[in-house]
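In: Have a look; sequence and predicted model below, questions after that.
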Amino acid sequence: MLTNKHLKYESQKIGMNYFRVAIVLFGAQLLFGLVCAIQYLWPGFLFETLDFNIARILHINALVVWMLFAMLGSVYYLLPDEAGRDVVGAGLGKLGFWVLTAAVTVVVLVYLFIQIGPGKESTIWFINEGREYIEAPRWADIGIVAIVLIFYYNVFFTYIKGRQTGILTVLVADLLALAGLYLAGVFFTDNISMDQFWWWWVIHLWVEATWEVFVGALAAYGLIKILGAKREIVEMWLWIEVLLLFGSGILGLGHHYFWIGTPEYWWEIGALFSSLEPVPLVAMFVHVLYDWGKEQGHKEAVEGEGAHAVSNSPAMAWIALNAFGNFLGAGIWGFFHTLPQVNIYTHGTQFTAAHGHLAFFGAYATILIAMMYLGVQGAYGIKKMTMTFKSKMAIGLITFGVIGMTVALTIAGYEQVLVERAELGAGWDAYFIAQNLTWMKQAMGWRLVMGVITFIGFVYLLWDLVTIGEVEEAKEANELQSAVA
Ligand code: HEM
Ligand code: HEM
Ligand SMILES: [Fe+2]
């Protein structure tokens, strides 16, 4: 993680820079999550130093920002590989990276230093825009748009001047949509229904359409790189996934329009199309496991029993986890509460948080971590990267921790549905009665325990990413030497 020594392309060096910042922000995300989890149990914790609302903003914004950094990193990393040439504007790309990193730092410091105060026009411009997940103030919005334009210029013209693979074609189209949608979260209206209407265009159409397509492209690239999977097969899957994802994800948006003052026809639209959303996720799941099994079988037939087809085991493990996690977190946990008949009870309970955690982790954290391992492999020039003890601890603990948190939150949500919503009728008192029942308190306790386990797993992950390059490099040098001798 700390070197670029074997990277030929400037683009890949920029990619590694994005990965480095991303992993630090991931750590910050988890620390702020732990603060929130402690405050659920002891509300006085850090009161008036780091209040829950600010810690929560930092937790979920760090989440979005580290993922965007890792996504930019992944594109800069795979771009020259796919296009067969370096990025057109490496200097601009570097500038964009530093400006974005500086802007993120300033935004975070402002959140920390100005936690309370009046909500005026200037607040939106300089402090906090108040839109969950994308709270960054307006000046930062404008900066982000400028940096994304640089990025898009780089991707587009490298694509035009280089090789136009199917993976890049999908990415070029997808990134335009992804960047364009951000604009829906920039302008301001003081009608809360209208505001929510547009805000969901960013949040839902990102995570359930454009980001998912992005993940499909990354998985396709990863499978070619790691398994030597056939490009025609992988790209055929990718096109099918794109079709299904956009087919269900765009109108699936309706599942957020049930209760915000939009017309009632959204009940039917949302119910139908969002129920179809698990279908592409199954396709993605089958795609990864099918290619993996197929390539493994092929290699064994040619090279004999036990031949390993995998050139980067940690990355492959995270990609396999992505297939499961995406399907479970987004597909299953999403489907649970997507029908209006169910959602009227589950809306905004801990059940939503259970889904949010498992989906973001399963669909995005996993594959972006896989891309970081691919980056390390390239940077150290390793031919076949195997798992270290730390790689295994990282996968084991993080996965166990996140699943544990999900189970705890699901139980808490279930209790809210039964007691707060169904039995007591969802009023103000009902909320507080439900919050104080034993089931809820125990679930919040377990969430904290599982959160700590997740964080220990993260420490292993960071440690592994920093050291695995040298370990594996030395191992390969040794093997080479003993082969010669
Ligand atoms: C990787 C993809 C996905 C991610 C990252 C994701 C994440 C999230 C998050 C964070 C929320 C909470 C938003 C808030 O704070 O208000 C949410 C809400 C929701 N998600 Fe997903 N989701 C994904 C896919 C899906 C899918 C495929 C479905 C349906 C099949 C779904 C159904 C829902 C529903 C119905 C809500 C609203 C919950 C409520 O009313 O409280 N999600 N999602
Ligand atoms: C150390 C581990 C973690 C802890 C202790 C933790 C804790 C929390 C807490 C307490 C909240 C606020 C919930 C509320 O407002 O009721 C939250 C929200 C959230 N966290 Fe985490 N979290 C952790 C890791 C993660 C990870 C790994 C992800 C995703 C990759 C994630 C994604 C989210 C999301 C999307 C929300 C907003 C959910 C919603 O609005 O429904 N968190 N987390
Ligand atoms: Fe959604």
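Out: Looks like it arrived, so ask away. Note that the structure is a prediction, hence the values are computed from the model and not measured. Ligands and ions are numbered 1, 2, ... in the order given.

In: contacting residues for residue 461?
Out: Residues near residue 461 by C-beta atoms under 8 Å, 6 or more residues apart in numbering: 23, 369, 390, 394, 398. All C-beta spots, glycine's among them, are computed from the backbone N, C-alpha and C.

In: Could you check how many residues crowd around the fourth one?
Out: The number of residues packed around residue 394, counting by other C-beta atoms under 10 Å, is 26.

In: Isn't it up against residue 458?
Out: Yes - counting by C-beta atoms under 8 Å, residue 394 does reach residue 458; the two are 7.5 Å apart.

In: so can I have a markdown table of the contacts of residue 461 showing pLDDT?
Out: As requested, the contacts of residue 461 are arranged in a markdown table below (pLDDT from 0 to 100):
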| residue | pLDDT |
| --- | --- |
| 23 | 98 |
| 369 | 98 |
| 390 | 98 |
| 394 | 98 |
| 398 | 98 |
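
In: from those, which is closest to ligand 2?
Out: residue 398 (7.7 Å; C-beta to the nearest ligand atom).

In: give me the element the closest one is part of.
Out: helix 389-415 (DSSP states H and E).

In: how distant is that helix from the center of its chain?
Out: Centre-to-centre, helix 389-415 and its host chain are 16 Å apart (C-alpha atoms, centre = their mean, to the nearest Å).

In: Then stretch 120-136?
Out: 23 Å.

In: which residues touch it?
Out: 57, 60-61, 63-64, 107, 110-111, 114, 117, 119, 137-139, 141, 144, 182, 185, 188, 195, 199, 202-203.

In: mind running it again at 6 Å?
Out: 57, 60-61, 64, 107, 110, 114, 137-138, 185, 199, 203 (C-beta atoms under 6 Å, 6 or more residues apart in numbering).

In: Show me the residues you listed that map onto strands.
Out: If you go by DSSP state E, the contacts of stretch 120-136 have nothing in strands.

In: What segments of the stretch 51-200 of the chain are helices?
Out: 52-83, 90-113, 121-126, 138-161, 166-182, 192-205 (DSSP state H, counting those that start in this stretch).

In: Kindly apply the preceding question to the stretch 301-450 of the chain instead.
Out: Under DSSP H, counting those that start in this stretch, the stretch 301-450 of the chain gives helices at 313-325, 333-336, 340-346, 350-359, 366-379, 389-415, 428-435, 438-484.

In: What are the neighbouring residues in contact with residue 404?
Out: residue 450.

In: Same question for the one 5 residues further on.
Out: Taking C-beta under 6 Å, 6+ apart as the definition of contact, the neighbours of residue 409 are 350, 353-354.

In: quick one: low-confidence parts of the stretch 301-450 of the chain?
Out: 305-308 (pLDDT under 70).

In: Show the average pLDDT along stretch 206-213.
Out: The average of the pLDDT scores along stretch 206-213 is 96.

In: All further residue positions should be reported with the first residue as 33.
Out: OK, 33 is where the count begins now, so the last one is stretch 238-245.

In: That stretch vs ligand 1: in contact?
Out: Yes - Stretch 238-245 is in contact with ligand 1 by C-beta under 6 Å from any ligand atom, via 239-240.

In: and for that stretch, what are the contacting residues?
Out: 206, 209-210, 274, 277-278, 281-282, 284.

In: who touches the closest residue to ligand 3 within the stretch 233-382 of the chain in this structure?
Out: Closest residue of the stretch 233-382 of the chain to ligand 3, C-beta to the ion: residue 236 (3.8 Å). Neighbouring residues of residue 236 by C-beta under 6 Å, 6+ apart: 285, 288.

In: what's the answer for the one 10 residues further on, then?
Out: In this structure, residue 246 makes contact with residue 206, judged by C-beta under 6 Å, 6+ apart.

In: If you drop the residues flanking it in sequence, what lies closest to the residue most central in space within the chain?
Out: Centroid-nearest residue in the chain, with C-alpha atoms, centre = their mean: residue 396, separated by 3.1 Å. Of all residues not flanking residue 396 in the chain, residue 99 sits nearest, at 5.4 Å (C-beta to C-beta, 6 or more residues apart in numbering).

In: Tally up the residues packed near that neighbour, please.
Out: 21.

In: any idea how far the residue nearest to the centre of the chain is from residue 139?
Out: Distance of residue 396 to residue 139, computed by C-beta to C-beta, to the nearest Å: 21 Å.

In: What residue in the stretch 383-517 of the chain comes nearest to ligand 2?
Out: Closest residue of the stretch 383-517 of the chain to ligand 2, C-beta to the nearest ligand atom: residue 483 (2.7 Å).

In: I'd say that residue and residue 69 touch.
Out: Yes - the criterion here is C-beta atoms under 6 Å, and residue 483 meets it with residue 69 at 5.0 Å.

In: out of the helices of the stretch 83-232 of the chain, deepest packed?
Out: helix 84-115 (a mean of 23; mean count of other C-beta atoms under 10 Å).

In: So which elements touch it?
Out: helix 42-73, helix 398-411 (3 or more C-beta pairs under 6 Å, 6 or more residues apart in numbering; DSSP states H and E).

In: got those helices as TSV, with distance to residue 122 and mean neighbour count columns?
Out: As requested, the helices and strands packed on helix 84-115 are exported to TSV (distance: least, C-beta to C-beta, whole Å; neighbours: other C-beta atoms under 10 Å):
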stretch	distance to residue 122	mean neighbour count
helix 42-73	4	21
helix 398-411	17	26
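
In: so can I have JSON lines of the ones you listed showing distance to ligand 2?
Out: Shown next, in JSON lines, are these (distance: least, C-beta to the nearest ligand atom, whole Å):
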{"stretch": "helix 42-73", "distance to ligand 2": "3"}
{"stretch": "helix 398-411", "distance to ligand 2": "9"}
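
In: Now render these as TSV, adding distance to residue 466.
Out: Below are the helices and strands packed on helix 84-115 laid out as TSV (distance: least, C-beta to C-beta, whole Å):
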stretch	distance to residue 466
helix 42-73	14
helix 398-411	33
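
In: quick one: which of these is nearest residue 376?
Out: Between residue 376 and the helices and strands packed on helix 84-115, the tightest spacing by C-beta to C-beta is seen for helix 42-73, at 24.9 Å.

In: Which residue, other than its chain neighbours, is closest to the residue in the chain positioned nearest to ligand 1?
Out: Closest residue of the chain to ligand 1, C-beta to the nearest ligand atom: residue 366 (2.4 Å). Distances taken as C-beta to C-beta, 6+ apart put residue 387 closest to residue 366, at 5.9 Å, once the chain neighbours are dropped.
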